[in-house]
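Undergrad: My questions concern the predicted model and sequence given below.
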Amino acid sequence: MKLSVLVDAAAEVAATSSRLAKIDALARLLGQAAGDEIPIVVGLLLASPRQGRLGVGWRGLSSLDVGHTDESTLTVDDVDQVLEALAHASGAGSVSRRTDLLTSLASRATADEWEFLSRTMLGELRTGALAGVLLDAIARASGRAAASVRRAAMLSGDLGETAVIALTGTEEDLEGVGLRVGRPVLPMLAATAATPSAALELTGRASVEYKLDGARIQVHRTGDEVSVYTRNLADITHRVPEIVDIVRTLPAHDLILDGETLALDEDGGPRPFQETMSRFGADAARDLALRPWFFDLLHVDGRDLIDEPLSTRLQELDRVVGPWRMPGSVTEDPDAAEDLSREALAAGHEGVVVKALDSTYTAGRRGKSWVKVKPVLTYDLVVLAAEWGSGRRNGMLSNLHLGALDPTGEFGDPGGFVMVGKTFKGLTDELLRWQTETFPTLETHRTPYAVFLQPELVVEIAIDGVQRSPRYPGGIALRFARVKGYRPDKSAADADTIQTLRALLRE
DNA sequence: TTCCGACAGTGGGGTCGCAAT
DNA sequence: ATTGCGACCCCACTATCGGAA
């Protein structure tokens, strides 16, 4: 397949807002792909090439000195070969090797093709069609049921492989894609509710479990062979030997477990997320050990459990993991759920996850069978600047720089403001328009990226908490900040202080 | 006809390994 | 030894389409 065919189809997809039209265009494209081209095309469309990490980012691409051709000659196979070479470039001289590969590829591409290739390598194609829409297109092109394609994609964790089976195999081949120990599946995700009681209303009788502030893990075991995967199915087995050792001691031969891992301090309290990540991200074992907690069991000794209700899965989980089980209890009583939530918070954890007891394990979906509940804090902060948005926010002042009041001048001028983070979340189109009109009237100066304001506007911000920051002058940064609304009734002198926010660290 | 589930997009914080400086 | 980049952990929220009710 010529690259231009793919690029033209992507342009057609981007040009329409109709999902049905996107699906139609993608289905026609997939129908033209040869069997061995299918995973390449799927990878490029998802902006997630099948080679995995390429070592190509925004900086590297924008520093290239590239020229293009007017004549379109590249095929998707040509592109795949270059991506292969990029993925394998490592060691001394790899940066210049990548530069050579990219410069050469750019010179063989037309301007449109290079634009497409740049975006797909950066992971941001923005055609409005990712895994969800592409999945429907695969079903359309192959004549298979969307539900069958979806299930195969979730259980194989690989849309490219699924597309090959759907488009070139039989219906039985597609139906035959199942759980396989050693091949990670997309993890089940959770919706959000404000309180444990509200969560219970969505789920009915539920298992209410601690929510820990660590990293999701999926562990596969066959005998002594153990593999550990992240939420995004990256294999991190070599980074967590202590978890491998623990899973080897469990009383079963074959297992697929779902859980969370984090580091503890001496008294058994959770370490901050940053410290867990420090250990989690490192190859070599450090003195800080990671501990697993398991909350679901997808397979045990030849028996698939994903279509069994949670109640059954938990029974089996209890039997298999014993002390390594996530704390929790089964209830339909809102008071009991609230009690468990308070207990989790008192122990230093994030909150709870409320899980419908009769629900199956729906891999890769964010349904309402699992509902997470975390406390939300709100503070009044001052807008120091706003950055120009991108994509659909192009031309709008979007991302806010947020400051806390420093009444004593501990971090600068008395009565001044200390930047503690940014946010672009929670803004409606109307609010974006208002910011874009209003902020220039308060402008002090600007750069190509941002407009800086007189510190007058007060905005109410919700956060999950604060964390230590090596970058911000107050030594802390907001975690998951989002806009709740502007507070025209307040002046900047009424804003919350940096001392108030810093105090959150020590609790 | 209205409602709502699913999806894509818009970016935030930090930490690591690695190659270049 | 330090710096910058890319990858990848955690994540909330709004707008939109189109099928369900």
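TA: Received, thanks.
Undergrad: Now do the contacts for the residue in chain A that DNA strand B sits nearest to.
TA: Going by Cβ to the nearest atom of the strand, DNA strand B is nearest to A:Gly391 of chain A, at 1.8 Å. Placement of C-beta: from N, CA and C, glycine included. Contacts for A:Gly391 (Cβ atoms under 8 Å, 6 or more residues apart in numbering) come out as A:Arg126.
Undergrad: And the strands in the stretch 251-400 of chain A?
TA: For the stretch 251-400 of chain A, strands defined by DSSP state E, counting those that start in this stretch occupy the ranges A:254-263, A:290-300, A:303-304, A:328-331, A:351-356, A:370-373, A:377-388, A:397-406.
Undergrad: Compare those strands and give me the one nearest A:Gly223.
TA: Closest of these to A:Gly223 is strand A:254-263, at 8.0 Å (criterion: Cβ to Cβ).
Undergrad: which residues sit against the least confident helix or strand in chain A by mean pLDDT?
TA: Sorted by mean pLDDT, DSSP states H and E, the helices and strands of chain A end with helix A:273-280, the least confident at a mean of 91. The set of residues external to helix A:273-280 that reach it, using Cβ under 8 Å, 6+ apart, is A:213-215, A:236, A:239-240, A:261-263, A:270, A:286, A:288-290, A:467-468.
Undergrad: 7 Å - rerun?
TA: A:213-215, A:239, A:262-263, A:286, A:288, A:290, A:467-468 (Cβ atoms under 7 Å, 6 or more residues apart in numbering).
Undergrad: now, among the residues you listed, which is nearest to DNA strand C?
TA: So of the contacts of helix A:273-280, ranked by how close each gets to DNA strand C (Cβ to the nearest atom of the strand), first place is A:Ala215, at 3.7 Å.
Undergrad: check contacts around the residue in the stretch 1-150 of chain A that DNA strand C sits nearest to.
TA: At 2.3 Å from DNA strand C, A:Gly57 is the closest residue in the stretch 1-150 of chain A, using Cβ to the nearest atom of the strand. By Cβ under 7 Å, 6+ apart, the residues touching A:Gly57 are A:Leu122.
Undergrad: so how far is A:Thr230 from it?
TA: Separation of A:Gly57 from A:Thr230 (Cβ to Cβ, to the nearest Å): 20 Å.
Undergrad: gap between the closest residue in space to A:Ala89 that isn't next to it in sequence and A:Ser63?
TA: Nearest residue to A:Ala89, sequence neighbours excluded (Cβ to Cβ, 6 or more residues apart in numbering): A:Arg97, at 4.7 Å. Counting by Cβ to Cβ, the gap from A:Arg97 to A:Ser63 is 15 Å.
Undergrad: who has more neighbours, these two?
TA: More neighbours surround A:Arg97 than the other of A:Arg97 and A:Ser63, with 17 against 9 (other Cβ atoms under 10 Å).
Undergrad: Close to DNA strand B: what parts of the stretch 401-507 of chain A are there?
TA: Within the stretch 401-507 of chain A, the positions lying close to DNA strand B (Cβ under 7 Å from any atom of the strand) are A:421-425, A:467-472, A:477-480.
Undergrad: which among those residues end up buried?
TA: Neighbour counting with 16 or more other Cβ atoms under 10 Å marks A:421-424, A:469, A:472, A:477-478 as buried within these.
Undergrad: Walk me through the domains of chain A.
TA: Domain segmentation of chain A under automatic domain parsing yields A:3-175, A:189-367, A:377-506.
Undergrad: Next, format the ones you listed as CSV and append distance to A:Arg183.
TA: CSV is the format used below for the domains of chain A (distance: least, Cβ to Cβ, whole Å):
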stretch, distance to A:Arg183
domain A:3-175, 7
domain A:189-367, 8
domain A:377-506, 32
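Undergrad: From A:Asp8, how far out is the residue of chain A closest to DNA strand B?
TA: Distance from A:Gly391 to A:Asp8, by Cβ to Cβ: 21 Å.
Undergrad: just A:Ala336 next, same as before
TA: To A:Asp8, A:Ala336 is 58 Å away according to Cβ to Cβ.
Undergrad: likewise A:Ser398?
TA: 31 Å.
Undergrad: rewinding a little: which ones among the buried ones among the residues of the stretch 401-507 of chain A next to DNA strand B map onto strands?
TA: A:421-423, A:477-478 (DSSP state E).
Undergrad: Let me know whether A:His7 touches A:Thr110 as I believe.
TA: If you look again at residue A:7, you'll see it is Val, not His. No. Under the criterion of Cβ atoms under 7 Å, A:Val7 makes no contact with A:Thr110, lying 8.2 Å away.
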